[in-house]
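In: Dropping a prediction and its sequence here:
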Amino acid sequence: MNATAEDDDKPDDGVETLWKRALDSWNDDKVHGALIEYAVRTENLPNVAGKYRALKDDTEKGERAKKQLDAIVVAATQMMLAQKTVRPERGKPPPWLTAVTALVCVTILAWLAVVILHRR
């Protein structure tokens, strides 16, 4: 089955069902927690955040909506940190490279000393 642009615009039935349940049980923490958890698993946090954002200025539901928006920010931050790629550690250079570098430095310093002392 091929995904199309229309599939991206189609609302998620699970989000819609949980959102209706959240509206019906507005003061139930468990329902809101389940909605955010589902949104994290299905990568629908922006959709759910939009629903709460629309209610943040509501006199009855505004306080809860702001609290849930804060929870969404925390969830999104945790998702982002979990996906952060770790920079691979650089190992030590091989011993032979260190020895060659030291030998080149000593040779250049010796040549420089001969040139400076020979001019006097």
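Out: Thanks, I have it.
In: Looking at this protein, which helix is longest?
Out: Using DSSP state H, we find that the single longest helix of the chain is helix 95-118.
In: all helices for the protein, in order.
Out: Taking DSSP H as the test, the helices found in the chain are 5-9, 13-24, 29-41, 45-55, 62-82, 95-118.
In: Mean pLDDT and distance to residue 88 for those - can I get that in TSV?
Out: Yep, even glycine has a C-beta here, placed from its N, CA and C like the rest. What follows is the helices of the chain, written out as TSV (pLDDT from 0 to 100; distance: least, CB to CB, whole Å):
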stretch	mean pLDDT	distance to residue 88
helix 5-9	47	34
helix 13-24	91	38
helix 29-41	92	28
helix 45-55	93	30
helix 62-82	90	18
helix 95-118	94	19
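In: Now render these as CSV, adding mean neighbour count and distance to residue 89.
Out: What follows is these, written out as CSV (neighbours: other CB atoms under 10 Å; distance: least, CB to CB, whole Å):
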stretch, mean neighbour count, distance to residue 89
helix 5-9, 7, 39
helix 13-24, 14, 41
helix 29-41, 16, 31
helix 45-55, 17, 32
helix 62-82, 14, 19
helix 95-118, 10, 18
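In: Residue 75: what's it in contact with?
Out: Applying CB atoms under 8 Å, 6 or more residues apart in numbering to residue 75 gives the contacts 36, 39-40, 45.
In: Residue 25 now?
Out: Contacts of residue 25 by CB under 8 Å, 6+ apart are residue 31.
In: hmm, try it at 10 Å
Out: Applying CB atoms under 10 Å, 6 or more residues apart in numbering to residue 25 gives the contacts 31-32.
In: try residue 71
Out: Applying CB under 10 Å, 6+ apart, the residues near residue 71 are 32-33, 35-36, 49, 52.
In: which one of these is nearest residue 14?
Out: Proximity of the contacts of residue 71 to residue 14 (CB to CB) peaks at residue 35, which lies at 9.2 Å.
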